[in-house]
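>>> model this:
(2 chains)
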Amino acid sequence: DTAVSQTPKYLVTQMGNDKSIKCEQNLGHDTMYWYKQDSKKFLKIMFSYNNKELIINETVPNRFSPKSPDKAHLNLHINSLELGDSAVYFCASSQDNVGGVFYGYTFGSGTRLTVV
Amino acid sequence: GEDVEQSLFLSVREGDSSVINCTYTDSSSTYLYWYKQEPGAGLQLLTYIFSNMDMKQDQRLTVLLNKKDKHLSLRIADTQTGDSAIYFCAETVNNAGNMLTFGGGTRLMVKP
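Predicted coordinates:
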């Protein structure tokens, strides 16, 4: 299946732990993103990578570090997890403009992170 | 997002039309999108409209764009219970690359 896939789907962990969320896309897209969706369903961009290079880094704590080993993968590593990090994290990808048209993002199904 | 606003909630009866509204502030928006999020799932692109269009129709979906008022709407004809979801509008702005800014989402509840 062509898709954006992220693992794990659910992640429950204790405060202070370090965890990673993985994302892979097989769509051949050039740009990948991480978004955070809070309990009120508000979506906020965290990072964006284009061809393995960081192009957007919004104001997120430096405990969050994205890593892109190649343009098909963008992983999110979180150090010293805090209660406020509990949210759903979405990975997405997009193709650079095709014939002058930007078709938006393709999203993964999300990772629900619960910090206890 | 602070630049894109939507009402939080809409309830309709099955078979009626639903109209979900969105306002945005950036007049240089180039594309506007509607995404659907079902429970426990990611966002699925429903449709998009280029800023030089004022209407786009795709089966049961009709998108209307009023650039003067910076108002976007999504009309769903003959709404079904399977349409119950959260609907997000989003915009891209030409001078911000291809970054999407999302509204806060409208939860559509369809009653049988």
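>>> Where does pLDDT dip in chain B?
Residue ranges of chain B with pLDDT under 70: B:1-2, B:94-97.
>>> Spell out which residues of it are next to chain A.
Counting by Cβ under 8 Å from any Cβ of the partner chain, chain B comes close to chain A at B:1, B:30-31, B:33, B:35, B:37, B:40-45, B:48, B:50, B:86, B:88, B:90, B:92, B:97-100, B:102, B:104-105, B:107. Yep, even glycine has a C-beta here, placed from its N, CA and C like the rest.
>>> Please name every helix or strand in contact with the one helix or strand in chain A whose mean pLDDT sits lowest.
Every helix and strand in chain A was compared by mean pLDDT, DSSP states H and E; the lowest is strand A:53-57, with a mean of 76. Applying 3 or more Cβ pairs under 8 Å, 6 or more residues apart in numbering or on different chains; DSSP states H and E, we find strand A:53-57 packed against strand A:43-50, strand A:64-70.
>>> hang on, the earlier thing: show me which of the residues of chain B next to chain A are buried.
Buried subset of the residues of chain B next to chain A (neighbour count, 16 or more other Cβ atoms under 10 Å in any protein chain shown): B:1, B:30-31, B:33, B:35, B:37, B:42-43, B:48, B:86, B:88, B:90, B:92, B:97-100, B:102, B:104-105, B:107.
>>> How much space separates residue A:32 from chain B?
Computed as Cβ to the nearest Cβ, to the nearest Å, the residue A:32 to chain B distance reads 12 Å.
>>> what do you get for residue A:54?
Relative to chain B, and taking Cβ to the nearest Cβ, residue A:54 is found at 13 Å.
>>> Which strand residues bridge that residue?
residue A:49 (DSSP bridges).
>>> thinking again about what came up before, need the winner for burial among the helices and strands packed on strand A:53-57.
Most buried of the helices and strands packed on strand A:53-57, by mean neighbour count (mean count of other Cβ atoms under 10 Å in any protein chain shown): strand A:43-50, with a mean of 20.
>>> quick one, which of the helices and strands packed on strand A:53-57 is nearest to residue A:26?
Closest approach to residue A:26 among the helices and strands packed on strand A:53-57 (Cβ to Cβ): strand A:64-70, 11.9 Å.
>>> Mind listing what's buried along the very next helix or strand once past that closest one?
Downstream of strand A:64-70, the next assigned helix or strand under DSSP states H and E is strand A:73-78. Of the residues in strand A:73-78, A:73, A:74, A:75, A:76, A:78 count as buried by neighbour count, 16+ other Cβ under 10 Å.
>>> Which residue is the nearest non-sequential neighbour of whichever residue of chain B sits closest to chain A?
Going by Cβ to the nearest Cβ, chain A is nearest to residue B:42 of chain B, at 3.7 Å. Excluding the flanking residues, the one nearest residue B:42 by Cβ to Cβ, 6 or more residues apart in numbering or on different chains is residue A:107, at 3.7 Å.
>>> returning to what we had before: out of the residues of chain B next to chain A, which are inside strands?
Counting by DSSP state E, the part of those found in strands is B:30-31, B:33, B:35, B:37, B:43-45, B:48, B:50, B:86, B:88, B:90, B:92, B:97-98, B:100, B:102, B:107.
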